[in-house]
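Student: when you get a sec, could you give me coordinates for this:
(one chain, ligands or ions: 1)
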Amino acid sequence: MPQSKIIDAIIAAVDARRDDLIGLTQDLVRIPTLNPPGLNYREICDFLAARLRGAGFTVEMIRATGAPGDSDANPRWNLVARREGGAAGECVHFNSHHDVVEVGQGWTVDPFGGELRDGRIYGRGSCDMKGGLAASIIAAEAFIAACPDYRGAIEISATADEESGGFGGVAWLAERGFFSPERVQHVIIPEPLNKDRICLGHRGVWWAEIKTHGRIAHGSMPFLGDCAVRHMGAVLAEMESTLFPALARKRTDMPVVPEGARQSTLNINSIHGGADEPEQGYTGLPAPCVPDRCRMVIDRRYLIEENREEVRAEVVALLDHLAETRPGFEYEIRDLHDVIPSMTDRNAPIVQTVSRAIGRVLGHDPEYVVSPGTYDQKHIDRIGRLKNCIAYGPGILDLAHKPDEWVGVDDMMDSARVMALSLNELLGGG
Ligand SMILES: [Zn+2]
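Tutor: As a prediction, this is how the structure comes out:
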């Protein structure tokens, strides 16, 4: 069959599945896979297993036993489904996380109702990222129907805990070879980055805890003690005058969106000085003492042009400067969390393939973007050593984690067409 006929057949096969795509997305939203604590992971994997077995996939269920968060009450279940084609070839893998964040306040619809209204499906996780998961399944099923003799293999995974770091999900699978270059050659993560954007990667992360120390004394005579909170105030003042301006000057060639994140950033996640504030029986009244300790957690996001050691050294230099110049200043610093920046080359096969498919379906070139925050690509890159990976999927990222989250049916359909044509370019013609 000529290529143009095959492409028409694939598009027709996707179009015929519009109602199926809606129903599948609704079914997924109606399984409340809340994280924390990690509810209904087995249920959603069982649901997907039945669906994918029906489409000819071989399904593996993998529990991340002993991973952070895993317990008998809330086991961390993952699903990996694989369908071999009729001839040897490469493997294209679609990876979606199945967990969703807490509901929060402000909803006007049932967060787990999966309501369809005016071409949108509403619910927690509809946009991030059950709509993308459903689109990838529809794309695979449509491609298989139109090209049953394809080369290579298609994999679809639904993984746990992306919203809490992915250690019981993609990291766990990557450590066990599921993303090894021998097994998988192309990865698409259908996170909600918009149907005409290809997300190449994300900035790096370094979280650290800084502690300042003081000397306890009666609050009526603070001059007899040494206030740890004032020492931390000096850290903040030094950050304001030197570190924040320096970070704002570090611009990146990474196409990070939004534009404001196209530089190094630092957030102060939390700060607490003095006696602990108990969750039970908290009166709002602090101890009548000069605080002898203060703790701050910082969240530094860094660029592909920077490295982790110099990012840390910058903060240590600031603290050392205070230790030399400020009487009584003592500090400790502790690393809490590290993610290396990841950015797939624009000439990588998966980027080029999806780019051409977007051009064909939407009639214009894609926008190449980098995410300000991280997602599971970090594990596929660092642990799986697989560089040919992008995020591409339907939905508007700004809606994720908000009340009245939704995903557009037309956007899911366009993304499914793009994914199906990408499968054809990589695996077709068997
Ligand atoms: Zn997500």
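
Student: in a helix, residue 247, correct?
Tutor: Yes - according to DSSP: H, G, I helix; E, B strand; the rest coil, residue 247 belongs to a helix.

Student: pretty sure it sits against residue 267.
Tutor: No - Residue 247 lies out of contact with residue 267 (CB atoms under 8 Å); the separation is 10.9 Å. Using the backbone N, CA and C atoms, a C-beta is placed for each residue, glycine as well.

Student: more neighbours: which of those two?
Tutor: Under the criterion of other CB atoms under 10 Å, the comparison of residue 247 against residue 267 puts residue 247 first, with 19 against 11.

Student: helices of this structure, start to end?
Tutor: Ranges of helices within the chain are 3-15, 18-29, 41-54, 131-146, 170-175, 228-238, 244-249, 308-325, 349-362, 377-382, 409-427, based on DSSP state H.

Student: out of these, which one sits most buried?
Tutor: With neighbours taken as mean count of other CB atoms under 10 Å, the helices of the chain reach their highest mean count in helix 131-146, at a mean of 27.

Student: what about it, near the ion?
Tutor: No - Helix 131-146 is not in contact with the ion by CB under 5 Å from the ion; minimum separation 8.2 Å.

Student: quick one: mean pLDDT over stretch 354-369.
Tutor: Average pLDDT, stretch 354-369: 98.

Student: need the CA coordinates for that stretch. CSV is fine.
Tutor: In CSV, the C-alpha atoms belonging to stretch 354-369 read as follows (Å, rounded to 0.1, in the frame of the first residue of the first chain):
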residue,chain,number,x,y,z
VAL,A,354,7.2,13.5,16.4
SER,A,355,8.1,16.9,14.9
ARG,A,356,7.2,15.6,11.4
ALA,A,357,4.0,14.0,12.7
ILE,A,358,2.9,17.3,14.3
GLY,A,359,3.6,19.1,11.0
ARG,A,360,1.4,16.6,9.2
VAL,A,361,-1.5,16.6,11.7
LEU,A,362,-1.5,20.3,12.8
GLY,A,363,0.0,21.9,9.7
HIS,A,364,2.8,23.8,11.5
ASP,A,365,6.2,23.1,13.2
PRO,A,366,6.3,22.2,16.8
GLU,A,367,7.6,24.5,19.5
TYR,A,368,10.5,23.0,21.4
VAL,A,369,10.3,23.5,25.1
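
Student: one step back: among the helices of the chain, which comes closest to residue 99?
Tutor: helix 41-54 (7.3 Å; CB to CB).

Student: residues from this protein in reach of the ion?
Tutor: 128-129, 191.

Student: so how far is the ion from the closest residue to residue 403 other than its chain neighbours?
Tutor: Nearest non-adjacent residue to residue 403, counting by CB to CB, 6 or more residues apart in numbering: residue 106, 3.7 Å away. To the ion, residue 106 is 20 Å away according to CB to the ion, to the nearest Å.
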